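Chemist: Generate a structure from the sequence data that follows.
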Amino acid sequence: MTILELYNEKYKNTDKNSEKEHSIVAAVVNKTLKELTAEVHPDDEVEFIGIDTPIGSDLYKRSIVLLMLKAARDVLGKMEGDYRIEVMYSLGSGFFCRLVDTTVKVTDELLDQIKTRMDELVAEDLPIEKMVCSTRDMREEFKERDLPAKADLLRFRQSSRINIYSLGGYKDYYYGYMVPSTGYLTKYDLVTFDDGFVLVIPEKTTRELPVEYKPPKKLYSVLRNTEDWGHKLDVGYVGDLNKAIVNGGVNNMILVQESLMEKQIADIAKEIIEGEKKLVLIAGPSSSGKTTFSNRLSIQLMAYGVHPHPIAMDNFFKERTETPVDENGDFDFECLEALDLKLLDDTMSRLLAGEEVQMPTFDFTIGKKVFDGTTIKLGENDVIVMEGIHALNPESTKTLPKDSCYKIYISALTQLNLDEHNRISTTDTRLLRRIVRDARTRGHSATRTIQMWPSVRRGEEKYIFPFQEEADAMFNSALIYELPAIKVFAEPLLYGVPEDSQEYYEAKRLLKFLGYFLGIDVQNVPQNSLMREFIGGGCFKV
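Modeler: All right, here's what the predicted structure looks like:
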């Protein structure tokens, strides 16, 4: 029997068409992730995967994209002219998409038609079928369908056979599994935005759509600028990047990318100086490259004759005896209440007033702040550069003069995608960075880093992402060449994850993801590159 049949048999009292019936989207069978349509045997060890888990959420997102593309073909196929929909990047609770190579305009009326067709396909509960096809044949088919990035991606696939998904005759290639049928895909929306639209998806934890979708406009601007830059180098997709590597163009790409990043840092430094800012606040999710960015920003400030004073917000932690605990009774170091906000406010206020102030250093071994006599006094050309998880949270600086503060959000916002319909998650990029850095600097195995990652992500979603639009500047730390560079370091670590561990599926998924990239020699990566924070060999202490 199939896994789905086993589930229905086990929970045969489940009402048809209820939320519960479609709450399970996959299963781990004998430590291996399987789709619900896979066969299972009586002695198999089966663990059902819910739609409210990270794996389940990924399946839902992937499947909802297929549903949208099928509905769009049914609607747009009746119109004159060619069209292609590209799924570009994540924008909050949705994916930004564009119609390209077409005279058809994105309007509310058009989106209503597509959404109505999606509703019809969901009501029909059509199967999403997986087929094994020839890689060569599908590459030719994608060329004919004007999907060049998808065709180029398959050019570098070593396997002669690939899995293709079909919905009502519409065939597509996807990186990862799908739900069994359209009946699982009950929540979505389509909203016009800029020159495209957003496919709105439900929140992972609540499974509910946002009451009103509000696109993060600053984030979108950064992503769009990065995308435009990538296209100027003729690198919009992984296939383009692989071709550049094959043709020997990657070293020039590294130099151009690094030059652009340096210019962006210099522009931020200039804006800080011209705005006469005295307190620079930097925040971003894990493995965004905050340390290297802070160092490079400080160097640019010094080039303008300004003396930066780097301060870590972590030095203002409360004493361990006062640290809040989470629902499991563990210390919650990521919540705002873990900071001694009174001391932080007093210290920053006095510094901005021109006083000389003793600075704390938090000793994590004893769980206390230590005052060793280190003091800071801001001169006329001095500026504080403070980094911390809560740096953008208005509560952490609410009593400080706003005209003295300059807030920077940094994250690895890659514009590169696998193909027209398969995004590269910025989370995957950061996780690979952290796996490599943790192994090099902390001696952690990939297993341990992957195990800790869900907790890290929860902290980011609660304490960092909600405040990203508060930033005066957003810095994109993604490097167009970084996945080919990090591949050679990450793969051995991922292969070391035991097959019987809970982290094995994630390691296997990341290995498959890295398999789409050709590796590169990193000897030409500059010593001050943000990439060096993770792979080593850099000039900054990290």
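
Chemist: so how far does stretch 74-94 reach from one end to the other?
Modeler: The first residue of stretch 74-94 is 22 Å away from its last residue (Cα to Cα, to the nearest Å).

Chemist: Quickly find the element holding Ile299.
Modeler: Applying DSSP states H and E as the criterion places Ile299 in helix 290-303.

Chemist: does Gly459 count as helix, strand or coil?
Modeler: helix (DSSP: H, G, I helix; E, B strand; the rest coil).

Chemist: Do you have the strands of the stretch 1-150 of the chain handy? List them.
Modeler: Along the stretch 1-150 of the chain, the segments classed as strands by DSSP state E, counting those that start in this stretch run 24-29, 32-35, 46-50, 84-90, 94-100, 128-134.

Chemist: now the ones you listed in TSV, with mean neighbour count and distance to Tyr175?
Modeler: Where C-beta positions appear, they are placed from N, C-alpha and C, glycine not excepted. Below are these laid out as TSV (neighbours: other Cβ atoms under 10 Å; distance: least, Cβ to Cβ, whole Å):
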stretch	mean neighbour count	distance to Tyr175
strand 24-29	22	15
strand 32-35	18	14
strand 46-50	16	18
strand 84-90	20	12
strand 94-100	20	14
strand 128-134	15	13
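
Chemist: Minimum distance to Leu67: which of those strands has it?
Modeler: Each of those has some distance to Leu67 by Cβ to Cβ; the shortest is strand 128-134, at 8.5 Å.

Chemist: Outside of the closest one itself, list whatever touches it.
Modeler: Contacting residues not belonging to strand 128-134 are listed as 35, 37, 63, 66, 160-167, 171, 178-182 [Cβ atoms under 8 Å, 6 or more residues apart in numbering].

Chemist: Give me the sheet partners of it and which way each runs.
Modeler: Within its sheet, and counting by DSSP bridges, strand 128-134 is paired with strand 161-167 (antiparallel).

Chemist: Can you point out the buried residues in the partner strand?
Modeler: Buried residues in strand 161-167, counting neighbours by 16 or more other Cβ atoms under 10 Å, are found at 162, 164-167.

Chemist: Mind checking the pLDDT average for it?
Modeler: The average pLDDT within strand 161-167 is 95.

Chemist: same thing with stretch 528-536?
Modeler: Stretch 528-536 comes out at a mean pLDDT of 96.

Chemist: same deal with stretch 424-439?
Modeler: In the prediction, stretch 424-439 has an average pLDDT of 95.

Chemist: I figured Val25 hits Thr37, correct?
Modeler: No - using Cβ atoms under 8 Å, Val25 makes no contact with Thr37, being 11.3 Å away.

Chemist: Can you give me the neighbour number for Asp195?
Modeler: For Asp195, the neighbour count with other Cβ atoms under 10 Å is 12.

Chemist: Let me see the backbone angles for it.
Modeler: Main-chain dihedrals, Asp195, degrees, to the nearest 10: phi -100, psi 20.

Chemist: tell me the contacts of it?
Modeler: Asp195 is in contact with 98, 106, counting by Cβ under 8 Å, 6+ apart.

Chemist: Now do it against Ile162, distance only.
Modeler: Separation of Asp195 from Ile162 (Cβ to Cβ, to the nearest Å): 32 Å.

Chemist: Check Ala38 too.
Modeler: Distance of Ala38 to Ile162, given as Cβ to Cβ: 17 Å.

Chemist: Then Leu400?
Modeler: 56 Å.

Chemist: Let me know which of the strands of the stretch 1-150 of the chain is the nearest to Thr426.
Modeler: Set against Thr426 and scored by Cβ to Cβ, the strands of the stretch 1-150 of the chain come closest in strand 84-90, at 7.3 Å.

Chemist: Tell me how far the closest one lies from the chain's centre.
Modeler: 15 Å (Cα atoms, centre = their mean, to the nearest Å).

Chemist: tell me the angle of the longest helix that the chain contains relative to helix 290-303?
Modeler: The helix that spans the most residues within the chain, counting by DSSP state H, is helix 250-274. Per axes from the mean of the first three to the mean of the last three Cα atoms, to 10 degrees, the angle that helix 250-274 makes with helix 290-303 is 60 degrees.

Chemist: Are we agreed that Leu199 is in a strand?
Modeler: Yes - under three-state DSSP, Leu199 falls within a strand.

Chemist: For beta bridges, what are the partners of it?
Modeler: Phe95, Leu190.

Chemist: Report the separation between it and Gly56.
Modeler: Taken as Cβ to Cβ, the span from Leu199 to Gly56 is 18 Å.

Chemist: Touching, Val280 and Ile410? I think so.
Modeler: No - Val280 lies out of contact with Ile410 (Cβ under 8 Å); the separation is 11.8 Å.

Chemist: Of these two, give the one with the bigger neighbour count.
Modeler: In terms of neighbours (other Cβ under 10 Å), Val280 is the more surrounded of Val280 and Ile410; the figures are 28 against 25.

Chemist: Surely that one is within a strand?
Modeler: Yes - under three-state DSSP, Val280 sits within a strand.
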